[in-house]
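Asks: here is a sequence together with a model predicted from it:
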Amino acid sequence: MSTPVPHPSEAPATASDLFRHGLRLLLDKDIDAWVGLWADDGVAEFPFAPDGWPRRLEGREAVAAYMRHYPDHIDLHDFPELRIHETTDARTVVVEMRGVGRLVRTDAPFDMTYIVVVTVEDGRFMSYRDYWNPLAVLEPGAGFAAGTR
């Protein structure tokens, strides 16, 4: 069963709320609005990224460039099994989730597991460490960010 993701009109108040809001924007394929949730100097890290994929993005513009073509390759439908864990630091959450949908080019199913550690400052993503499953990008059509290192 899916955890409800708030509609974009609801203003995020906590790190958990901001993360859920970001998921709603991804499902709506509103990449510009999702990128708008980032601090100018926010950092995204992908510790498990395979060769040819970026492992670190510094700044909102780098995140925007990385995500620009995401909806052209991956059509997300849902984030089932979403679990957001609060930490002792109210600015940081640890998220367990799956993203499911389809690969646009091949129409093959897309099913990615993630653990994400997110830190929010002043209502924006400041740090986003995404421990996604690198095996999922071996599918033809999943390579939206390969070679953008």
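Replies: Great, that's in hand. This is a predicted model, so every value here is computed, not measured.

Asks: which residue ranges of the chain form helices?
Replies: Residue ranges of the helices in the chain, as given by DSSP state H, are 15-27, 31-35, 60-67, 70-73.

Asks: reformat those as a markdown table; add mean neighbour count and mean pLDDT.
Replies: Every C-beta, even on glycine, is put in place using the N, C-alpha and C of the backbone. A markdown table is the format used below for the helices of the chain (neighbours: other CB atoms under 10 Å; pLDDT from 0 to 100):
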| stretch | mean neighbour count | mean pLDDT |
| --- | --- | --- |
| helix 15-27 | 20 | 97 |
| helix 31-35 | 17 | 97 |
| helix 60-67 | 17 | 97 |
| helix 70-73 | 15 | 91 |
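
Asks: and of the ones you listed, who's closest to Phe79?
Replies: Counting by CB to CB, Phe79 lies closest to helix 15-27 out of these; the figure is 5.2 Å.

Asks: helices or strands up against that closest one?
Replies: With contacts defined as 3 or more CB pairs under 8 Å, 6 or more residues apart in numbering; DSSP states H and E, the packing partners of helix 15-27 are helix 31-35, strand 74-78, strand 83-86, strand 92-103, strand 109-121, strand 124-130.

Asks: could you check how far Ala49 is from Arg83?
Replies: Remark: distance between Ala49 and Arg83 (CB to CB, to the nearest Å) = 23 Å.

Asks: so for the two, which sits in the more crowded spot?
Replies: Neighbours of Ala49 and Arg83, each counted by other CB atoms under 10 Å, are more numerous for Ala49; the result is 19 against 10.

Asks: now that one, nearest residue through space, not along the chain?
Replies: Nearest in space to Ala49, with sequence neighbours left out and distances taken as CB to CB, 6 or more residues apart in numbering, is Arg55 at 4.8 Å.

Asks: and that neighbour, what pLDDT?
Replies: In this prediction, Arg55 carries a pLDDT score of 95.

Asks: ditto for Thr3
Replies: Thr3 carries a pLDDT score of 41 in this model.

Asks: how about Pro134?
Replies: 80.

Asks: can we start the residue count at 38 from this point?
Replies: Got it, the first residue is 38 from now on, which makes the last one we talked about Pro171.

Asks: that one contacts Pro84, correct?
Replies: No - with contact defined as CB atoms under 8 Å, Pro171 does not reach Pro84; the gap is 9.9 Å.

Asks: higher neighbour count, those two?
Replies: Using other CB under 10 Å as the criterion, Pro171 and Pro84 rank with Pro171 on top: 15 against 12.
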